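Peer 1: Using only what follows, build the 3D model:
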Amino acid sequence: MNAIILCGGLSTRLGEITKSIPKVLLEIGGKTVLDWQLEKLSAVGVTTVVLAAGHLSDVLLQTVGQERNGMKLIYAIEPERLGTGGAIKFAYTYLEYPDEPTIILNGDVLSTFSLQDMLRQLREDGDGIILGAKVDDAATYGTLAVGEHNHLDSFKEKEGKHESGYINGGVYLFTKKATSYFPEQSAFSVEYDVFPRMTDLYVYTSDAPWIDIGVPERLVWAREHYQEFVV
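Peer 2: This next block holds a predicted model:
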């Protein structure tokens, strides 16, 4: 089992908050976002994690080092801006077990969904699974169109409707087959250049507490309500 955490973004929406510290090192409830994510990965038996780093990677390496909470950390520092898909493709070259399934986490997400249950639903002959996180107000997110047997039919662009819905939860399980959909170029988006090409991608829907802390107001909310993410 492999794991990748995407933590190389510029975090421009957080402004001064992440000018000198990577988003994944922001503290919530007395521990960093990275610590929250490593705990979740450790609970399903992951022992080595590839950090797909970029912006402020030097700060991340100096602060965290190559071991954290008993887990080995490998740094895949992108040589240029690669986008979400390019960062995943680059990180794949650092995996210890490239033929095995890979868990991929966006480095700004907290949730109490069952990663173990999500893993149980992974089809070895499929492309993978994406977390569909339910939010009360999906106006600022694109939503997922889920079909029969939880097949991902399509992504819906932001519609501005203030209603609940399942969105891309920023957690993916990829089989080895998923890499066949990566474009030849180095820089690309996983959301726009990979997912639409996948023919056997499924959604794990979850109503569990979920938040991405990528904007100041959601970061403040997470810090005030972090107990909701303690399991």
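
Peer 1: can we go C-alpha only for contacts and neighbour counts from here?
Peer 2: Will do.

Peer 1: Identify the residues contacting Ser206.
Peer 2: Phe113, Leu131, Gly132, Ala133, Lys134 (C-alpha atoms under 8 Å, 6 or more residues apart in numbering).

Peer 1: My error: substitute Asn168 in the last question.
Peer 2: Ile130, Leu131, Gly132, Ala133, Gly142, Thr143, Leu144.

Peer 1: In this protein, which strand is the longest?
Peer 2: strand 165-174 (DSSP state E).

Peer 1: I'd like the C-alpha coordinates of it written as PDB, please.
Peer 2: Extracted C-alpha coordinates of strand 165-174, given in PDB (Å, rounded to 0.1, in the frame of the first residue of the first chain):
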ATOM      1  CA  GLY A 165     -24.400  18.000  -2.300                       C
ATOM      2  CA  TYR A 166     -21.500  15.600  -2.700                       C
ATOM      3  CA  ILE A 167     -18.200  17.200  -3.800                       C
ATOM      4  CA  ASN A 168     -14.700  16.000  -4.600                       C
ATOM      5  CA  GLY A 169     -13.400  15.300  -1.100                       C
ATOM      6  CA  GLY A 170      -9.800  15.400  -2.000                       C
ATOM      7  CA  VAL A 171      -9.100  11.800  -1.200                       C
ATOM      8  CA  TYR A 172      -8.400   9.300  -4.000                       C
ATOM      9  CA  LEU A 173      -7.600   5.600  -4.200                       C
ATOM     10  CA  PHE A 174      -5.800   4.600  -7.400                       C
END
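
Peer 1: Let me know the average pLDDT across the helix or strand just after that strand.
Peer 2: Counting by DSSP states H and E, the element after strand 165-174 in chain order, helix or strand, is helix 190-193. Over the span of helix 190-193, the pLDDT mean works out to 92.

Peer 1: Which residue ranges of the protein form strands?
Peer 2: Remark: strands assigned in the chain by DSSP E are 2-6, 27-28, 31-32, 48-53, 67-68, 71-77, 102-106, 109-111, 128-135, 143-146, 152-156, 165-174, 201-206, 210-212.

Peer 1: Pick out the shakiest of these, pLDDT-wise.
Peer 2: Looking at the strands of the chain, the lowest mean pLDDT belongs to strand 152-156 (a mean of 85).

Peer 1: what angle separates it from strand 165-174?
Peer 2: Angle, strand 152-156 to strand 165-174, by axes from the mean of the first three to the mean of the last three C-alpha atoms, to 10 degrees: 120 degrees.

Peer 1: Out of the contacts of Asn168, which comes closest to Pro209?
Peer 2: Here the nearest of the contacts of Asn168 to Pro209, counting by C-alpha to C-alpha, is Ala133; it sits at 8.3 Å.

Peer 1: wait, that closest one sits on Ser164?
Peer 2: No - using C-alpha atoms under 8 Å, Ala133 is not in contact with Ser164; the gap is 10.3 Å.

Peer 1: which of the two has more neighbours?
Peer 2: Ala133 (25 against 13; other C-alpha atoms under 10 Å).

Peer 1: mind listing what that one touches?
Peer 2: Taking C-alpha under 8 Å, 6+ apart, one finds Tyr166, Ile167, Asn168, Gly169, Thr205, Ser206, Asp207, Ala208, Trp210 in contact with Ala133.

Peer 1: Tell me which two of these sit farthest apart.
Peer 2: Asn168 and Ala208 (13.7 Å).

Peer 1: can you list the strands of the chain in a markdown table and add distance to Ser186?
Peer 2: Formatted as a markdown table, those follow (distance: least, C-alpha to C-alpha, whole Å):
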| stretch | distance to Ser186 |
| --- | --- |
| strand 2-6 | 16 |
| strand 27-28 | 32 |
| strand 31-32 | 30 |
| strand 48-53 | 14 |
| strand 67-68 | 28 |
| strand 71-77 | 14 |
| strand 102-106 | 18 |
| strand 109-111 | 25 |
| strand 128-135 | 21 |
| strand 143-146 | 26 |
| strand 152-156 | 23 |
| strand 165-174 | 19 |
| strand 201-206 | 23 |
| strand 210-212 | 26 |
